[in-house]
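Participant: Fold the stuff below for me.
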Amino acid sequence: MGPILLAFALAALAWLLVAGSALKQRHPVWFWYLTGYPSTAVRVIFTWRRVAEINGLTVARKPARRVLGDLEVRGEPLRPITPRISFPRATPTGLSLVVRLRPGQTPGPFIAAADALLHAWRVHGVRVTSPERGTVLIAATARDPLERPGLVSAPAELLCALLGALESGGAWVMDLRQVPHWLITGATRSGKSTLLARLVTQLAPQRVALVGIDCKGGMELGLFGSRLSALATSRHEAVAILGALVVEIQARMDVCRTAGARSIWELSEGERPVPVVVIVDEIAELYLADGSRQSKAEAEQCSTYLLRLAQLGAALGFHLVVAGQRVGSDLGPGVTALRAQLAGRICHRVNDAGTAEMTLGDLNPDAVDVAQSITAEERGVAVCTGIDGGWGRARSHLTTTAEARKTATAYQDRTPELSGLSRCLEALSGGEGR
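Facilitator: Model (predicted):
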């Protein structure tokens, strides 16, 4: 019976290994709940005291005092007090726990000890935040959730675009009603163009006017030409189109003032003009001048028009999505003024620290280092800001060139016409004909 039982045990073990491997591939969340979480939770509980002592996360008892004649002798503390932690709570991508700070403690040392906790608990990443005074929230991710981001659902609302997945496992949604204007930066082959393609394919089925400005000859946004209400492929065309949009803003202001409304969203559905999303690919092409008077004048006009759209557009249904490989003050003071109006920020891998600082530094200084740690292999990974003012890592879903063209063609009949913009395009085409 011995050999038979041994063979049966080996067969059962092999079956468990195969079943576990299949479960890990098909249902990684359930695999984590059943196998990874229990062992990691035990590791966290049993190593917490030791890790806290080594990394200075404890407090000392008040030293004992003795008076010997005229001398006061203070004894050295022997037993450090470790802050209490809650039982680790399982999440789809890892676990989280709350630390109750002792009197005199601050979140700083816990944030600095994130790497030490990562290695002690053998997890992929550890993020430490302080949601309220006196507590620290430690969130550990067991694996990189952005390595294989799954498709998640998002509310199908106007001006909402499902871009990809967040590091937390949730949906990465760009809601232009909540955050009207966005700045996107990223080096070549970092995933910036893919993100823009994803954004357009998500907005294409909606009742939204899309305007593209791609001064690289329309190589990127030209894929969506049939769905765009206008496409500028040079700075000269961009000046004309942006100027027409500013005129449209003035017209909408008159409509709202006459109706006694503070925004187009207070108008009735029949009176409400269609929202307009202006997508600028490579902002530097609009700001750089070659030294000639005409070039400088066009750059200044572009800067003025973009700033005007950003300042007045949110209430009047105009939204800016500005992208560039590099964004810095060397492009001119207009870039810094425009950046202040772009509350939404997305930073892919960049080639210089200045661009990461320019993108995230004024809103989330602690996110700059994370953005600079994105490697060339992590295409599509970015650090993005959230509606709540926080930040996190995210990854966009891949949108191929074929999918982009197919989507633009499928919804080209939903391309709205703006009267002022149509006249501008007729003037540009007439000028080219002459």
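
Participant: correct me, but residue 206 touches residue 176?
Facilitator: No - with contact defined as Cβ atoms under 8 Å, residue 206 does not reach residue 176; the gap is 10.4 Å. For the C-beta atoms, the positions are set from N, CA and C on the backbone; glycine is no exception.

Participant: what about these two, which has more around it?
Facilitator: residue 176 (24 against 18; other Cβ atoms under 10 Å).

Participant: related to what we said a few turns ago, mind listing the shared neighbours of residue 206 and residue 176?
Facilitator: residue 159 (Cβ atoms under 8 Å, 6 or more residues apart in numbering).

Participant: Secondary structure element for residue 195, which one?
Facilitator: helix 192-203 (DSSP states H and E).

Participant: With residue 183 instead?
Facilitator: Using DSSP H and E, residue 183 falls in strand 182-185.

Participant: Within the sheet, what are the partner strands of that strand, with directions?
Facilitator: strand 318-324 (parallel), strand 344-347 (parallel) (DSSP bridges).

Participant: any chance of these in CSV, plus mean neighbour count?
Facilitator: Formatted as CSV, the entries for the strands paired with strand 182-185 read as follows, by neighbours: other Cβ atoms under 10 Å:
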stretch, mean neighbour count
strand 318-324, 25
strand 344-347, 26
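
Participant: For residue 34, find the nearest of those.
Facilitator: Closest to residue 34 of those is strand 344-347 (Cβ to Cβ; 35.1 Å).

Participant: Just the C-alphas of that closest one, formatted as PDB.
Facilitator: Presented in PDB, the C-alpha positions along strand 344-347 are these (Å, rounded to 0.1, in the frame of the first residue of the first chain):
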ATOM      1  CA  GLY A 344      -5.200  67.200 -14.800                       C
ATOM      2  CA  ARG A 345      -1.700  65.800 -15.200                       C
ATOM      3  CA  ILE A 346      -0.400  62.600 -16.800                       C
ATOM      4  CA  CYS A 347       3.400  61.900 -16.900                       C
END
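
Participant: from now on call the first residue 22
Facilitator: Done: numbering now begins at 22, and the last item shifts to strand 365-368.

Participant: Which neighbouring elements make contact with the helix or strand hosting residue 450?
Facilitator: Following DSSP H and E, one finds residue 450 within helix 440-454. Helices and strands touching helix 440-454, by 3 or more Cβ pairs under 8 Å, 6 or more residues apart in numbering; DSSP states H and E, are strand 251-253, helix 256-280.

Participant: Pairing partners for the first one, with directions?
Facilitator: If I follow you right, that is strand 251-253. strand 230-235 (parallel).

Participant: by how many degrees do the strand it pairs with and helix 213-224 diverge?
Facilitator: Angle, strand 230-235 to helix 213-224, by axes from the mean of the first three to the mean of the last three Cα atoms, to 10 degrees: 160 degrees.
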